[in-house]
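# what's the 3D shape of this:
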Amino acid sequence: DRMSMAVGLEVRVPFCDHRLVDYVFNIPWEIKTAGDREKGILRLALEGVLPPDVLYRKKSPYPKTHNPNYLEAVRSRLLDVLNEGQSPLLPLINVKKIRELAESDNASSNIPWFGQLMSGPQLFAYLLQTDMWLREYKIVIR
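Got it, this is the predicted structure:
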C-alpha cells in the first residue's frame, strides 16, 4: 500500500487483479453477502486462513479531518472564491446553496454528501480543488 500510494496509485492488493474483479462482479448479490454480511463470500473463503477477530471485525472507515481550524480554513477560502465572482467553478454549482452551507452554523455537519466520509469540510475542500484545477488548466466549458 505504501509503495502504490508513494506514486499516487490506489490499489488494494491482492484484490486488484482484473480477472478476479471481473469474476466477482458477476457473482449474485446473495452470494457476495453470504451470512448476511458485507464481503460475506470473501469471509467464508478466508475461514481458517485469517484469525476470527480479523475475519469478522466490523468495517472501519479511514479517519477524516475533524479539526475546527480545517473547517474554518476551507470555509473561508471557499467564500472568497464565491465572492470574487470570476471562478470557473461558479457555473457548475448552485452558488446560493453552497454559500448557505458555507455560512451555516452547521457547516461541519456529519451528514455525508458523498459516501460515509465526506461531510461539510470535505465538500468545501473538493470544490476548492475543482476550482484550482479549472484555473490551472484553463478549462473552458461551453
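# return the residues in contact with the residue of the chain most remote from its centre.
Centroid-distance maximum for the chain: Gly48 at 32.7 Å, with C-alpha atoms, centre = their mean. Going by C-beta atoms under 8 Å, 6 or more residues apart in numbering, Gly48 touches no other residue. The C-beta positions use only the backbone N, C-alpha and C, and glycine is treated the same way.
# what do you get for Ile93?
Leu127.
# one more: Leu90?
Leu82.
# put the alpha carbons of stretch 28-39 into CSV.
In CSV, the C-alpha atoms belonging to stretch 28-39 read as follows (Å, rounded to 0.1, in the frame of the first residue of the first chain):
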residue,chain,number,x,y,z
PRO,A,28,-25.1,-12.8,-7.4
TRP,A,29,-25.6,-10.4,-4.5
GLU,A,30,-26.9,-13.0,-2.2
ILE,A,31,-23.7,-15.0,-2.6
LYS,A,32,-21.5,-11.9,-2.2
THR,A,33,-23.3,-11.2,1.1
ALA,A,34,-23.2,-14.7,2.4
GLY,A,35,-24.1,-14.9,6.1
ASP,A,36,-25.9,-11.6,5.8
ARG,A,37,-22.5,-9.7,6.0
GLU,A,38,-20.7,-7.4,3.7
LYS,A,39,-17.9,-9.3,1.9
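# all set, thanks.
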